[in-house]
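> no sequence on this one, just coordinates:
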């Protein structure tokens, strides 16, 4: 008999997009793309929805309902408690919090962006890697298909 496939689920929840309404999605344009420049990442983060109850910089914030604060938890977890205190006491504004988040995102994405740029500079290498992978996958698929046909009595 064939082995029964098992689901591989992670404990990582879906991440709300910058609009604070739906999960982060490129299609909804509420995401943070790895390919964006650091400047464009800042621009994108600055469009994000924050605490709707906080109208003025001097108003105390409510980090528990703020999507930027939630995103800080992924990129800046060591500062969460301090950010919550600063937000509640209006020592930090939403724009400042967004800028801090954008800087953390950029510093986290920098190694990926550098590696992506290095690969983009070698298109033939990428083609060779893909061709090699396709060849190895084809060999495995042929073997598996042969096993399937044999177990089904087709050969």
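That came through fine. Keep in mind that this is a model prediction, so the values were computed, not measured.
> Please list all residues in contact with residue 38.
106, 110 (C-beta atoms under 8 Å, 6 or more residues apart in numbering). In short, each C-beta sits where N, CA and C put it, glycine included.
> any idea how far it is from residue 102?
8 Å (C-beta to C-beta, to the nearest Å).
> ditto for residue 61
For residue 61, the distance to residue 102 - C-beta to C-beta - is 18 Å.
> for residue 57, phi and psi?
phi -60, psi -30 (degrees, to the nearest 10).
> Can you verify my assumption that it contacts residue 90?
Yes. Contact criterion C-beta atoms under 8 Å: residue 57 and residue 90 qualify, at 6.9 Å.
> tell me the domain ranges of this protein?
1-109, 122-155 (automatic domain parsing).
> Let me see the mean pLDDT of the last one.
Same thing as domain 122-155. The pLDDT scores in domain 122-155 average 94.
> cool, and the first one?
Summarised as a single mean, pLDDT over domain 1-109 is 92.
> And the helices in this protein?
Along the chain, the segments classed as helices by DSSP state H run 38-46, 67-75, 80-88, 94-120, 123-151.
> for those, which one sits closest to residue 27?
Closest approach to residue 27 among the helices of the chain (C-beta to C-beta): helix 38-46, 14.9 Å.
> Tell me the gap between the closest one and the middle of its chain.
15 Å (C-alpha atoms, centre = their mean, to the nearest Å).
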